[in-house]
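[1] Fold the following for me, if possible:
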Amino acid sequence: MLSSEFGIGVRHGCFCAHAYLMRLLGLSSLEVQDVRADIAAGDRRAMPGMVRASFASYNTFEDVDRVADALERIVRDDVRGDYVQDRDTGDHTARDFAPDTAACFSPLGAGERSV
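    Residues are numbered from 1 along each chain as shown. Model (predicted):
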């Protein structure tokens, strides 16, 4: 949703630290065993994980506000798409919403340079 509806790039999943994330998320040994069995069976729908938004020196306070506003809208279920989850990957995609990606970017104008 962050990407599709708000043009915000994030990373999701276990970030190559599956065991550590499962511990951080407080999963019991039985829950970990169940998750591993599902993944081995090709079903990643219940795979636990986190979402990470990374900021850098070029980001502005407005960028941070934009992420916070987007998260608030998602929590309120104020989204445009009807999302479906892929069994094999666990990823969600909008079934009935095609984002206007051009509206999510502000290309540099003539004479401007990136720093």
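[2] Could you point out the longest helix of the chain?
    Assignment by DSSP state H gives helix 61-75 as the longest helix of the chain.
[3] In that one, which residues are buried?
    Judged by neighbour count (16 or more other Cβ atoms under 10 Å), helix 61-75 contains these buried residues: 67, 70, 71. In short, each C-beta sits where N, CA and C put it, glycine included.
[4] for stretch 23-36, same thing?
    32, 35.
[5] If you average the pLDDT over that stretch, what comes out?
    For stretch 23-36, mean pLDDT rounds to 94.
[6] May I have it exported as CSV, CA atoms only?
    C-alpha atoms of stretch 23-36 as CSV (Å, rounded to 0.1, in the frame of the first residue of the first chain):
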residue,chain,number,x,y,z
ARG,A,23,12.5,-13.7,18.3
LEU,A,24,11.9,-9.9,18.2
LEU,A,25,8.2,-10.6,17.2
GLY,A,26,7.9,-13.0,20.2
LEU,A,27,7.0,-16.1,18.3
SER,A,28,6.9,-19.3,20.3
SER,A,29,8.8,-22.4,19.1
LEU,A,30,5.6,-23.9,18.0
GLU,A,31,4.7,-20.8,16.0
VAL,A,32,8.1,-20.8,14.3
GLN,A,33,7.7,-24.5,13.5
ASP,A,34,4.3,-23.8,11.9
VAL,A,35,5.7,-20.8,9.9
ARG,A,36,8.6,-23.0,8.6
